[in-house]
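# Structure for this input, please:
(one chain, ligands or ions: 1)
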Amino acid sequence: MESLIACHECDLIHRVRPLPKKGVASCIRCGSVLYRHKPDTLERTLSLSLAGLILFLLANWFPFLALKMGSQVHQTNLITGIKILYTQGMQPVAILVFITTILAPLAQLLGMLYVLLPLRHRRIPPKFAPVFRFVHSVQPWSMMEVFMVGILVSVVKLAKMAQIVPGIAIFSFFALILVLAAATVALDPHEIWERWEKLR
Ligand SMILES: [Zn+2]
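Purely as a prediction, here's the structure:
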């Protein structure tokens with residue numbers, strides 16, 4: 001069956017042709033990118049998602065920051081920080097931070113693993129299509145980098161008042177931002193859908 005693709009920008013329909021290594025297909029009308037050749041998309045996205053899940057667990061398990069004031073040491077991790085926001089009357093902010101830094105990245109990672117792991121072994125998991133669509137729709141909600149900027153700003157402000165010791169979680173969190181971005185870049189939804197169709 002011949003595969004067709006519509007331009008995301010101007011909706012012009014094109015025939016899908018195999019691309020050379022690192023090749024890019026662009027729209028003949030508006031010039032926007034239609035699709036690009038992403039080598040080993042399944043394996044690479046899968047391994048990046050696995051690495052992401054490990055980093056996610058580290059980022060949530062270990063201390064994020066420690067504040068030293070005199071002999072007092074305050075340690076926080078990601079979830080206790082959100083709890084403090086919640087109990088101090090900033091419920092909407094707490095919920096937003098929880099969704100964008102914990103729930104959305106976790107849903108994205110688990111969704112990708114759920115879809116890609118069986119596909120790697122030529123199996124289709126139940127509810128493949130809705131889960132894979134969900135992974136796409138949840139992606140914009142994952143905004144860990146915004147949170148990271150917020151943390152950096154407050155660290156700079158607090159540095160005058162207390163000694164700040166970064167924890168394992170903050171490094172894991174930073175690595176997770178990069179790994180999730182790399183997983184998103186490595187993923188070629190078109191090829192994943194094609195594999196699914198062949199197995200069906
Ligand atoms: Zn176009």
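
# Wait, G23 touches P39, no?
No. Contact criterion C-beta atoms under 8 Å: G23 and P39 do not qualify, at 10.7 Å. All C-beta atoms are positioned from the backbone trio N, CA, C, and that covers glycine.

# how about the residue lying closest to M161 once chain neighbours are set aside, what does it touch?
Spatial nearest neighbour of M161, chain neighbours left out: M69 (7.1 Å); criterion: C-beta to C-beta, 6 or more residues apart in numbering. If a contact means C-beta atoms under 8 Å, 6 or more residues apart in numbering, then M69 has 161-163 as its contacts.

# among those, which are in reach of the ion?
Taking C-beta under 5 Å from the ion as the test, the ion is in contact with none of these.

# By neighbour count, which of the residues you listed wins?
Highest neighbour count within the contacts of M69: A162, with 15 neighbours (other C-beta atoms under 10 Å).

# show me the contacts for it.
Contacts for A162 were tallied using C-beta under 8 Å, 6+ apart; they are 67-69.

# do you know how far it is from L85?
Distance from A162 to L85, counting by C-beta to C-beta, to the nearest Å: 19 Å.

# go on, P166?
Counting by C-beta to C-beta, the gap from P166 to L85 is 20 Å.

# More neighbours: those two, which one.
Set P166 next to L85 and count neighbours by other C-beta under 10 Å: L85 wins out with 18 against 14.

# Show me the helices in the protein, by range?
Ranges of helices in the chain, per DSSP state H, are 41-61, 78-87, 91-98, 104-120, 128-138, 144-158, 168-186, 189-199.
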